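Peer 1: Generate a structure from the sequence data that follows.
(chains A and B)
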Amino acid sequence: MFLLVFLALGISSAWAQKTFSGKVIGPDGLRLPGVSVLEKANPMNGVATDIDGNWTLTVPSGNSILEFTAIGMKPIEIATKDAGKLTMVIDATLIDEVIVLGYGSQNKSELTGSSVQVDSDELADLPVASVDQALQGKVAGVNIASTSGTPGSVQNIRIRGISSITAGNSPLYVVDGIPVNNSDIGNSGSTGASSLSELSSLNSSDIESITVLKDPSATATYGARGANGVIVITTKSGRKGKAKLEFKATLGFSNDAIDEPKVLTAAQREELTYEAVLNTYMVV
Amino acid sequence: MNTGTMNNPLYIAEHDMNLSKYTRIISNNSLNWITPIENLSFTSRINIDWNTFSYKTYQNPILGDGETSNGTGSQTTRNRVTYSIQNSLNYFWEISEDHKLDFTLLQE
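Peer 2: Below is the predicted model:
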């Protein structure tokens, strides 16, 4: 029978080693070349399947466990005697990345709109005061500029340029499915306070992913509100597994990029102050 | 005594005040209803965004920016609460393996 091409060429009595062979089939039923076949106990001993998906491997110890691995497929571990014909299965977790789109999510392969997702592992180690700063340099077509040097200040975010002369150009922010405000909490109403972004109130360690929806097809569900692009933020939630406790503290400082003139000492300043007084009040 | 822009920065640091505080609490809760119809789901979501901002500033009349106006001070407090209630009905229709349709009816 075709299914059982498993051949055990028994020369075991003489050498105590066996040669095994078999065939690897892909998920579409076609033969799969380039699959690496390794003996688990001795990874140095291994072969790759040929163009027809066939492999032959001599295992010194006779019976052993073989590992079959191929890019995009789920790895298989199997005893030599059962490895005659194998069918590999596509690893869905590797290929179908899920993109979060505000109202629901979609597999990356099915997504037609232009969007970029930045995941937590890319955001976690960035020492930023506000999460929108973490997007800087990560998403093509997104321009981010600080409005002030104050930590947590509002970032000017422009997705694919400026779309309106008279109306606003800021994108829509959606946190866990709900559009949120992102006005300048500090300066609005002319309090005189420094610029302060409302996004600075979100801890960057609490973010699961940030998706930037760029083109009209991606932002269509948000209608006119999404005209300047949409930034979808998903926060972390409880998950299965062991309880984990994490502590993180960040300390930073900023310096002048160039050496500026040195500041005066107290004595120099005193001298200059008296000179200023003289210049102001004493008429020569 | 007016010495132009040459104030004593230490004096200003000690006597002037510039304080802004921002506190925000966001609560986002959702309920997924399982319907008797297969592939039909209903989700209700409520989001409350409560935030408060306070800003306090004081400029002393002796030295610095407050000199000309004989001293200024102000206090601003802003409270804001935003409620969002969202209901969505979702139906997933798999015609065949290559044709899948997802319908969402949303009210916010």
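Peer 1: What parts of the stretch 1-150 of chain A come near chain B?
Peer 2: A:103-104 (CB under 8 Å from any CB of the partner chain). For glycine as for every other residue, the C-beta is placed from the backbone atoms N, C-alpha and C.
Peer 1: So residue A:253, which state does it fall into?
Peer 2: At residue A:253, secondary structure determined by DSSP: H, G, I helix; E, B strand; the rest coil is coil.
Peer 1: For burial, what's the neighbour tally of it?
Peer 2: For residue A:253, the neighbour count with other CB atoms under 10 Å in any protein chain shown is 4.
Peer 1: One more: residue B:96?
Peer 2: Using other CB under 10 Å, residue B:96 has 6 neighbouring residues.
Peer 1: do the one 10 residues further on as well
Peer 2: If you count neighbours by other CB under 10 Å, residue B:106 ends up with 14.
Peer 1: tell me the centre residue of chain A?
Peer 2: residue A:119 (3.3 Å; CA atoms, centre = their mean).
Peer 1: hey, what's that residue bridged with?
Peer 2: residue A:209 (DSSP bridges).
Peer 1: Touching, it and residue A:209? I think so.
Peer 2: Yes. The criterion here is CB atoms under 8 Å, and residue A:119 meets it with residue A:209 at 5.0 Å.
Peer 1: what about the strand ranked longest in chain B, near chain A?
Peer 2: Identified as the longest strand of chain B according to DSSP state E is strand B:72-96. Yes. Contact of strand B:72-96 with chain A (CB under 8 Å from any CB) involves B:74, B:76, B:78, B:80, B:82, B:84, B:86, B:88, B:90.
Peer 1: Quick one: work out the angle between the helix or strand following that strand and strand B:72-96.
Peer 2: Counting by DSSP states H and E, the next helix or strand C-terminal to strand B:72-96 is strand B:99-107. Going by axes from the mean of the first three to the mean of the last three CA atoms, to 10 degrees, strand B:99-107 is angled at 140 degrees with respect to strand B:72-96.
Peer 1: First residue to last residue on stretch A:133-142, what's the distance there?
Peer 2: 12 Å (CA to CA, to the nearest Å).
Peer 1: List the buried residues for it?
Peer 2: Under the neighbour-count criterion of 16 or more other CB atoms under 10 Å in any protein chain shown, stretch A:133-142 has A:133-136, A:139, A:142 buried.
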